[in-house]
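1. what's the 3D shape of this:
(8 chains, ligands or ions: 10)
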Amino acid sequence: MSKVLMKGNEAMALAAIKGGADAFFGYPITPQNELPEYLSHHMPANDRVFVQAESEVAAINMVYGAGGAGARVLTSSSSPGIALKQEGISYLAGSEIPCVIINVMRGGPGLGGIQPSQSDYNQITRGGGNGDYKVLSFAPENLQEAVDLIKESFPLADHYRNPVMVAVDGLLGQMMEPITLEETEKTQAAGKKEWAADGGYGERGYRNRIASLYLDPYKLEEHNLKLKGKYDEMREKEQRYEMIETEDADIVFVAYGTMARVARNAVQMLREEGVKVGMIRPISLFPFPKKAFEALPERTHSLITLEMSLGQMHQDVQIINNGRYKLDFFGRTGGVVPEPEEIVEHVRAALKEDA
Amino acid sequence: MSKVLMKGNEAMALAAIKGGADAFFGYPITPQNELPEYLSHHMPANDRVFVQAESEVAAINMVYGAGGAGARVLTSSSSPGIALKQEGISYLAGSEIPCVIINVMRGGPGLGGIQPSQSDYNQITRGGGNGDYKVLSFAPENLQEAVDLIKESFPLADHYRNPVMVAVDGLLGQMMEPITLEETEKTQAAGKKEWAADGGYGERGYRNRIASLYLDPYKLEEHNLKLKGKYDEMREKEQRYEMIETEDADIVFVAYGTMARVARNAVQMLREEGVKVGMIRPISLFPFPKKAFEALPERTHSLITLEMSLGQMHQDVQIINNGRYKLDFFGRTGGVVPEPEEIVEHVRAALKEDA
Amino acid sequence: MAKGRIIIDEDRCKGCGLCIHPCPVDILDLDRSKTNKKGYTPLYVTDPEQCIACSFCAMMCPDNVITVERFVKEGSK
Amino acid sequence: MAKGRIIIDEDRCKGCGLCIHPCPVDILDLDRSKTNKKGYTPLYVTDPEQCIACSFCAMMCPDNVITVERFVKEGSK
Amino acid sequence: MNTKTVYRPQAGLTEREYHYCPGCTHGIIHNLVGEVLKERGLIESSVGVASVGCSVMAYEYFDCDMHQAAHGRAPAVATGIKRVRPESTVFTYQGDGDLASIGLAEAVHAAHRGENITIIFVNNAIYGMTGGQMAPTTLLGQQTTTSPHGREKAQAGEPLRVCELLSNVPGATYLERVSVHDPKHVRKAKKALQKAFDIQSGKQGFTLIEFISTCPINWGMEPKDSLDWAVENMIPYYPLGVYKDMTKEDDDA
Amino acid sequence: MNTKTVYRPQAGLTEREYHYCPGCTHGIIHNLVGEVLKERGLIESSVGVASVGCSVMAYEYFDCDMHQAAHGRAPAVATGIKRVRPESTVFTYQGDGDLASIGLAEAVHAAHRGENITIIFVNNAIYGMTGGQMAPTTLLGQQTTTSPHGREKAQAGEPLRVCELLSNVPGATYLERVSVHDPKHVRKAKKALQKAFDIQSGKQGFTLIEFISTCPINWGMEPKDSLDWAVENMIPYYPLGVYKDMTKEDDDA
Amino acid sequence: MLEEKLIVAGFGGQGVMLMGQILSYAATHEDRNTVWIPSYGPETRGGTANCQVTISDERINSPVVSEPDSLVVMNHPSLAKFENKLKSGGSLFINSSLVEQDGIRDDVDLYPVDANKIALDIGNLKVANMVMLGAYIAVTDLFDKEAIFKVFDELFTGRKEALVALNRKALEAGMDAVSA
Amino acid sequence: MLEEKLIVAGFGGQGVMLMGQILSYAATHEDRNTVWIPSYGPETRGGTANCQVTISDERINSPVVSEPDSLVVMNHPSLAKFENKLKSGGSLFINSSLVEQDGIRDDVDLYPVDANKIALDIGNLKVANMVMLGAYIAVTDLFDKEAIFKVFDELFTGRKEALVALNRKALEAGMDAVSA
Ligand SMILES: Cc1ncc(C[n+]2csc(CCOP(=O)(O)OP(=O)(O)O)c2C)c(N)n1
Ligand SMILES: Cc1ncc(C[n+]2csc(CCOP(=O)(O)OP(=O)(O)O)c2C)c(N)n1
Ligand code: SF4
Ligand code: SF4
Ligand code: SF4
Ligand code: SF4
Ligand code: SF4
Ligand code: SF4
Ligand SMILES: [Mg+2]
Ligand SMILES: [Mg+2]
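-> Ligands and ions are numbered 1, 2, ... in the order given. Here you go, the predicted model:
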């Protein structure tokens, strides 16, 4: 298969088509606009549904309807738009409706800026909405991985009957990189969903209902425990991560997405200086890849979380860590993408302090 | 001062008036309706502003306008309504606008139910919105404390120029308890806010702007670091908690709000059985009261987090803990309020297992 | 003689009375001597002979309490 | 003789040309020999003598480039 | 003598008993919707969208596939369903708080896009479910729990008329306001529903039927008095009738 | 000979240069708003609300206190300001994506409540800032980055007319649609703004002035051609004029 | 040390909420600790309703009454729902106008009060709740009638003032009903 | 091992984005690794624009070019902005039609190209970017012109096909300009 150069947002859009997205509902927001723009052309051309909704709130509720009617559905947005979708995402999780959400993150809070950021980690993994729910979420570091994860997200969403979020920072959305994705590749298709409320009562012989309302608290608790069962299954099966030069690492970075790419350079540079650094790169944000940490060698003594935020994933590192390692954090926020040298400098300074 | 019996929602409304709320903007939702209902009568009667907004989204943005114009502003809602306000809260934090938000929590996810819950902990403390921001948040366990914290929240919001949230579960909103709060008590008043964009340019001599937009990522980062400075100040000064019979405790509960009340009974019951149990009751959720844990005696060996959720605050306990104590969790969710006996039973079972 | 009759599913009735006024022959009332399973005083027909099977009562009943039947001559369909 | 004149704040000009067409005496054009600080070819007056100080150009300029002055006889106010 | 059933309740509905308060006209409206869908043979291929309001549990009552939407968002949910399942009959069932307050944008935009769906809009001039707060449709002077001295124009504006508002949205095909306060009007309301669903079946676009409805509990009135109050107070401000009919031209042609 | 300045730019504005693209009529509209507020002596007691769109940085340009609102929510923000500072002149400045799409409910409800504020509504039939996507106001057949084959009625409905829509909201006091494509219309637009702010000063309620505006960049046209396109295509669908004037009766009396 | 936990249950409209609240008001006047909690739901107003009241000289922790000392039951479904929660030896007040006594637990003290009838005799079915309240305070001796009268005076003011006399009568009738 | 990092900067409208993309397309054809990133913002379209391109035989990690090997500068503000980032010994291509050469760093190889003039001579100012691209490939020897032609053929299809010849000409003119 030959490679094609594509813009991140367009590549992700194409991946969604290949992943079998029957419908897209979204609202424009920088830096993800090329994604709906691409789909506005290619979804109708592929006999699929494209609707520009009047708002993010409307978009996520259209997703609710189409997903609840059994279609494979995509929406995309960026940070403040995701905030607006939080009630809807909580409903999707509560009503067990599968869908894929692409979040091309930018700096916050508020309107913030439009430069790349990772400061949505909290609203992705903690749910910005109400209740004890979780969103299966992935954070690729390059376009090939993004494309592959998006294709995979549709069947995963169907399997868990839960929203799946693929989160990239604005840089990944805007960059061009060669990817392997044949235009001619056959698209995946969802099987018939027996639970879907799609007007097929006649054929099916029973009535389907989509709802997140349980007035009896004991029933609602039961429902929550059922949901928890799915999240536990995700924790078991969906932890994804990459271990980079950790075999002999004294110090291990923890970084995802663009930050992980930058950190790869820092690992090389530090190793050239004789500092044994490795990296755990979480690919799944929820579930947080606990298993990666269990696989670290005895000699590792420090973890340094690196984020394009003021430290959000760092909380998960602290939880996993449970006192085991020395912890440190380095981050830039507001849309600043750090240079590898800054990380190297940070590590050097830390080493000096320790010595 | 004599006590008066009041319904929680009404008592909180009255406290807001006493706290100097100039304006209220909100949208009806169970189980907090008595709060706006009370204010619809008493705000105009006190020459203050009451507006029933068309939605939670509109309400929080009215808060933005009124708060940015220098008024002391209140809004209230319940869990799904708070989810809808997340973008707005992120904007308030980003633009540094003070306001007070009362959240009377109910079960989720989605529409969920209307029974009491604590499953908003994540959306309160992690921000459901985008960006590296925090909301100063308090969780009283009874109406007197709720009333006192609300009165205090207005000056705190002004001091930090940040939203302050007071979160109670639905039971506290619906219950009646005697409180001390004189109808005749003079209301606090905010001083003139020199930063407010209120049309006072002429008098003031300089122009004020309220905005969260920083197109230059370095400026946005600087802004975020400034905000972080405030959050660090909160971490320093606003940690609030109560230590309950911890002096000789082997096992320490961590619980807030109604759950803490239930746990107080469990502490008594277990102590009667000779089990030395104590409790840390966080009153501030953000900042999480780290200092309380530092004050535990040497002999404490276990922490048990108790929540009316499937374990959200428990993450903060894990972070604080950092491997120090044996951790355990007990929770009910979906609107179920546990009975003290269940907690006692849980501890007994855990002790048996350990033995 | 009655042209038809109504059948009242008594335990569904909420005693709201909405069916009473529209009856053109004024033969409906609540039976205040009874409470049904739900705790309401249900509908009853004061004079069944008068019923003209117009269905007005049933159309106005929010709670699907009333079935209306018209008497038809044997053999006719 | 000119009834007035326009003053062009050249570096603010974005060379959009919106001011040109409304000029009733047709004396405005972009100076294609120049680029200003912003990189645009700015406005210039081809025949200042014709200006009637009507302000049409200024009203149409989105970027506040043009000030319009009317000549007044000495002594008049 | 034989009998012939001339009115059998529960058409198009499940066996579940309504949870509505005694005399609440939500029930009458449900019955009509169920009846029409059943009579038109559409019930088994319908997808209904319940909103948040007293009718939140409508998904338990209509005997067809149902979604329960977030407060105000039913038209967006219906859009999602209809776009991917264009052969289904899709309707929403929404209160006035749901549609005219929090969900106004979704309703107007569904009309704007000309979505081929039907909205059943139940206007009882109040928030029933949450205990009687003021709605955008609450009449001037009407007391509610958040307009304790009656709605004041200076404070809260004059009541919003949804059919009138939507009549200026190009995408709307059919808009009618009906009432169910007596059998005659019930019959008329049924006709309106038939028309709306027929338009949807014919893929002719967006239809909305507004029902003048009551809330005996929160109005603080007996059920019968509520009907009278609606007739005397609501209908004058919310006149019954067809507000838009884009099928007319087609019919005439 | 002496000179008398007959047009001095920058009235009611800061010294900041606009970031707008060459020939974008946002600038002309800003100038008018600044001028009117300055001339009426209102600028120093005004509070403006910038929205999200190309004019997001309007808070840098108007020489008065300013708020920057979340996308679509400017009317809610303005409501908050006006309710607590009733003596200030409060206006929003919003694009068509901001007001007619995501913020429709907030705009209609501000009108519905009869908020005593002024909305400057800039309709350029497109989302300028985000790079030219379709807006609710995009004309049929108009190509945008999300309507690559031109807006199709079947897919996206017919364009929404905001003045017409709001004219049916009881609370709106004054609604006018204006254009700035030539000096004559600029002058008329200024009159409309004067009227709107005078109404606000007189506490007579909600006013909205809709401006037909251009987006040379995303329309892919030269600035002058954009003006012509607006005249030829937009004005026929969005006729200029007064859509509602509730002050008339008062005036006549 | 006094600690009384009570559940009051019945149909919506029977005034069970108010009955519980009155006890909490009276407790507040006497500077006792008290908590009143309702069961709340979006149910039909015709459905069942109940409230839980705790009155104590000590601090009140868990507000939920899981094992009440007393139970006041205004209709039959409520008896079914709460009978088993009542603690052994507790007091069970039933509105015998609507609740059948057959098969009730025998490890509790039963106080049947023909509340509907007594209320109707006084002139208004709506005060059946106050009849039950009278019976309750007479048996438990928690408050004297003056304490309750004081609450009436506070609650029923303005247009409702006329209700004071009626409610007093009902309360006294309820007290008489169990002291007989 | 080859690793080339490049920044292309100029006014919006000068085609700097496209120029960078063409290099990435060419690299992709040759199965090299490449990343192209734009600077993006809600700024006036008349403002400055730049893109960063990395081409490498190794895996590309950080996509950000902080210290470019080459810098192509189409206008003066861009020179001011990026001059100092260029690595010592790097190649600096300037559009000398618009950029003054006075005072430029002397530790870099300077390639002035009168791109606007050359483009105008060819017949269209808009291909000044391709002139610069020609100069760039000629100097760096990263791609032969056929590789770039292939990209032209792919990009300019349909109505844009006419542009192929023009762009080829511009590319060759740029190559000539530096090989003189
Ligand atoms: C986001 C959100 N906001 C508020 C609520 C609370 N709520 C439930 S129903 C309702 C209003 C119902 O009124 P209406 O739509 O008129 O229906 P009715 O009950 O009168 O039939 C509200 C505000 C909610 N569930 N979700
Ligand atoms: C919640 C949210 N959604 C989307 C955006 C992205 N966004 C910024 S401006 C804009 C549209 C602007 O269009 P319009 O209001 O017509 O203004 P114009 O730029 O045309 O003047 C959008 C969708 C955002 N900033 N926030
Ligand atoms: S069917 Fe007609 S006549 Fe018979 S009871 Fe009903 S309303 Fe009366
Ligand atoms: S309308 Fe129905 S529920 Fe009401 S009284 Fe008549 S039969 Fe009973
Ligand atoms: S003021 Fe009038 S005449 Fe003079 S240049 Fe401007 S438009 Fe032309
Ligand atoms: S309208 Fe203004 S910016 Fe445009 S060319 Fe004329 S002077 Fe320059
Ligand atoms: S509260 Fe009102 S609208 Fe709701 S069911 Fe009861 S009567 Fe009907
Ligand atoms: S993008 Fe369009 S609306 Fe925005 S500044 Fe440029 S021309 Fe004006
Ligand atoms: Mg209603
Ligand atoms: Mg626009």
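2. just checking, what's the longest helix in the chain?
-> All of this refers to chain A. Longest among the helix segments of chain A by residue count, using DSSP state H, is helix A:217-237.
3. wrong chain, I was asking about chain G
-> The helix that spans the most residues within chain G, counting by DSSP H, is helix G:163-179.
4. where do the helices sit along the stretch 101-250 of chain E?
-> Using DSSP state H, counting those that start in this stretch, the helices of the stretch 101-250 of chain E run over residues E:104-113, E:153-156, E:162-166, E:183-201, E:216-219, E:223-229, E:235-237, E:248-252.
5. Now render the ones you listed as CSV, adding mean pLDDT and mean neighbour count.
-> Any C-beta I mention is one placed from the backbone N, CA and C, and that applies to glycine too. What follows is the helices of the stretch 101-250 of chain E, written out as CSV (pLDDT from 0 to 100; neighbours: other C-beta atoms under 10 Å in any protein chain shown):
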stretch, mean pLDDT, mean neighbour count
helix E:104-113, 98, 29
helix E:153-156, 96, 16
helix E:162-166, 98, 23
helix E:183-201, 98, 19
helix E:216-219, 96, 24
helix E:223-229, 98, 19
helix E:235-237, 98, 13
helix E:248-252, 60, 8
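6. Dump those helices to CSV, plus distance to ligand 2.
-> CSV is the format used below for the helices of the stretch 101-250 of chain E (distance: least, C-beta to the nearest ligand atom, whole Å):
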stretch, distance to ligand 2
helix E:104-113, 13
helix E:153-156, 27
helix E:162-166, 22
helix E:183-201, 31
helix E:216-219, 35
helix E:223-229, 41
helix E:235-237, 34
helix E:248-252, 33
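7. Select, out of the ones you listed, the one closest to F:Q155.
-> Proximity to F:Q155 (C-beta to C-beta) singles out helix E:104-113 among the helices of the stretch 101-250 of chain E, at 8.1 Å.
8. Which elements pack onto that closest one?
-> helix A:56-68, helix E:74-84, helix E:162-166, strand E:206-212, helix F:104-113 (3 or more C-beta pairs under 8 Å, 6 or more residues apart in numbering or on different chains; DSSP states H and E).
9. Flag every buried residue along the longest strand anywhere in chain C.
-> With DSSP state E setting the assignment, residue counts place strand C:66-72 as the longest strand in chain C. Neighbour-count burial for strand C:66-72, counted by 16 or more other C-beta atoms under 10 Å in any protein chain shown, picks out C:66-70.
10. gap between it and the chain center?
-> Put simply, strand C:66-72 sits 10 Å off its chain's centre (C-alpha atoms, centre = their mean, to the nearest Å).
11. Same question for stretch A:3-23.
-> Centre-to-centre, stretch A:3-23 and its host chain are 16 Å apart (C-alpha atoms, centre = their mean).
12. With stretch G:75-87 instead?
-> Averaged C-alpha coordinates place stretch G:75-87 at 14 Å from its chain's average position (C-alpha atoms, centre = their mean).
13. before we move on, what about stretch A:313-324?
-> On C-alpha atoms, centre = their mean, the centre of stretch A:313-324 falls 20 Å from the chain's centre.
14. what sits against residue 136?
-> In the absence of a named chain, chain A is used. Counting by C-beta atoms under 8 Å, 6 or more residues apart in numbering or on different chains, A:L136 makes contact with A:153, A:156-157, A:160, A:162-165, A:234, A:238, A:284, A:286-287.
15. let's do chain E instead
-> B:54, E:96-97, E:100-101, E:104, E:159-160, F:109, F:112.
16. so what's the residue of chain C found nearest chain H scoring on pLDDT?
-> Taking C-beta to the nearest C-beta, chain H has its nearest neighbour within chain C at C:P62, 55.0 Å off. For C:P62, the model assigns a pLDDT of 98.
17. gap between it and ligand 6?
-> 67 Å (C-beta to the nearest ligand atom, to the nearest Å).
18. so where's the stretch 101-250 of chain A uncertain?
-> Applying pLDDT under 70 to the stretch 101-250 of chain A picks out residues A:183-186.
19. Just put the buried residues of strand C:66-72 in JSON lines and tack on pLDDT and distance to H:S56.
-> Formatted as JSON lines, those follow (pLDDT from 0 to 100; distance: C-beta to C-beta, whole Å):
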{"residue": "C:I66", "pLDDT": "98", "distance to H:S56": "81"}
{"residue": "C:T67", "pLDDT": "98", "distance to H:S56": "81"}
{"residue": "C:V68", "pLDDT": "98", "distance to H:S56": "84"}
{"residue": "C:E69", "pLDDT": "97", "distance to H:S56": "86"}
{"residue": "C:R70", "pLDDT": "97", "distance to H:S56": "88"}
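20. ok, residues contacting the lowest-mean-pLDDT helix or strand in chain G?
-> Every helix and strand of chain G was ranked by mean pLDDT, DSSP states H and E. The lowest is helix G:76-82, at a mean of 90. Helix G:76-82 is contacted from outside by C:39, G:7, G:9-10, G:48, G:50, G:68, G:71, G:73, G:94, G:98-100, G:104, using C-beta under 8 Å, 6+ apart.
21. And these, which two are furthest apart?
-> Within the contacts of helix G:76-82, two members stand farthest from each other by C-beta to C-beta: C:G39 and G:P68, at 23.0 Å.
22. so what's the closest residue to A:Y214 other than its chain neighbours up against?
-> Leaving aside its chain neighbours, A:Y214 sits nearest to A:L220 (3.7 Å; criterion: C-beta to C-beta, 6 or more residues apart in numbering or on different chains). Contact analysis of A:L220 by C-beta under 8 Å, 6+ apart lists A:214, B:107, B:112-113, B:115, B:333-335.
23. run the last query once more with 6 Å
-> Residues counted as contacts of A:L220 (C-beta atoms under 6 Å, 6 or more residues apart in numbering or on different chains) are A:214, B:107, B:113, B:334-335.
24. rewinding a little: would you turn the helices and strands packed on helix E:104-113 into JSON lines with distance to ligand 8?
-> Below are these laid out as JSON lines (distance: least, C-beta to the nearest ligand atom, whole Å):
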{"stretch": "helix A:56-68", "distance to ligand 8": "21"}
{"stretch": "helix E:74-84", "distance to ligand 8": "28"}
{"stretch": "helix E:162-166", "distance to ligand 8": "29"}
{"stretch": "strand E:206-212", "distance to ligand 8": "31"}
{"stretch": "helix F:104-113", "distance to ligand 8": "19"}
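25. Could you work out which of the ones you listed reaches nearest to ligand 4?
-> strand E:206-212 (17.2 Å; C-beta to the nearest ligand atom).
26. Mind listing residues that contact that closest one?
-> Residues from elsewhere that reach strand E:206-212 (C-beta under 6 Å, 6+ apart): E:29, E:111, E:114-115, E:118-123, E:162-163, E:171-179, E:192-193, E:196, E:199, E:230, E:234.
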